[in-house]
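> Got a predicted model here, sequence first, then my questions.
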Amino acid sequence: MIISLSAEILTSIGYNDPLYIFTFKAFGNYQQALFGMKSINRNALILEPKKPLYEWVNYIYQGEPVECPEKPFSHDHATVYLIPEQQNQEEYEQWMKKNFQTFFRNELFDWCTDKTEWPSPLTYKLFQEWFHISYQTMIFDTV
């Protein structure tokens with residue numbers, strides 16, 4: 001969701017600093033004007049492997065066991081993908097069912113480049129069993 005505010009509204013709520021007003025007029029985005037960041041028209045898909053994926057990895061690479069983190073979405077165990085903006089959960093589910101194999105294959109390839117070792121078939125149900133899936137709608141660019 002993108003909210004558009006005028007320079008007059010910014011002034012009326014106490015942001016009368018000329019730099020904020022100039023930034024707002026130049027960029028037209030209140031987050032960028034107020035906080036130096038702007039929202040982008042993308043959503044984020046965050047995937048983190050669940051225990052079944054780790055079991056598969058450990059079956060393939062038996063000499064080098066990898067442990068499943070105790071908490072989902074702990075530091076540096078997930079992958080973040082910027083995806084097209086969806087308006088609601090139903091749109092996201094429809095889009096995900098059409099596109100999950102792209103992400104599934106990419107995640108599997110990161111663990112094992114030999115596709116003959118991959119599970120088959122790559123179903124949406126298996127994808128959901130193997131990954132914690134988080135869909136985020138508020139994305140800000142801080143650069």
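Cool, got the structure. Numbering: from 1, shown residues only.
> Okay, strands next: where are they in the protein?
Read by DSSP state E, the chain holds these strands, from start to end of the chain: 38-39, 42-49, 79-84, 131-136, 140-141.
> check contacts around residue 84.
Taking CB atoms under 8 Å, 6 or more residues apart in numbering, we find residue 84 in contact with 42, 43, 95. In short, each C-beta sits where N, CA and C put it, glycine included.
> Give me the pLDDT value at the second one.
It refers to residue 43. On pLDDT, residue 43 comes in at 90.
> re earlier: ok, and the most crowded of the contacts of residue 84?
residue 43 (20 neighbours; other CB atoms under 10 Å).
> Let me see the domain layout of the chain.
Domain assignment for the chain by automatic domain parsing gives 7-36, 42-141.
> which stretch in those domains has the least confidence?
Comparing mean pLDDT across the domains of the chain, the weakest is domain 7-36, with a mean of 52.
> partner residues bridging residue 47?
residue 79, residue 133 (DSSP bridges).
> That one and residue 131 touch, don't they?
Yes. Residue 47 lies in contact with residue 131 (CB atoms under 8 Å); the separation is 4.7 Å.
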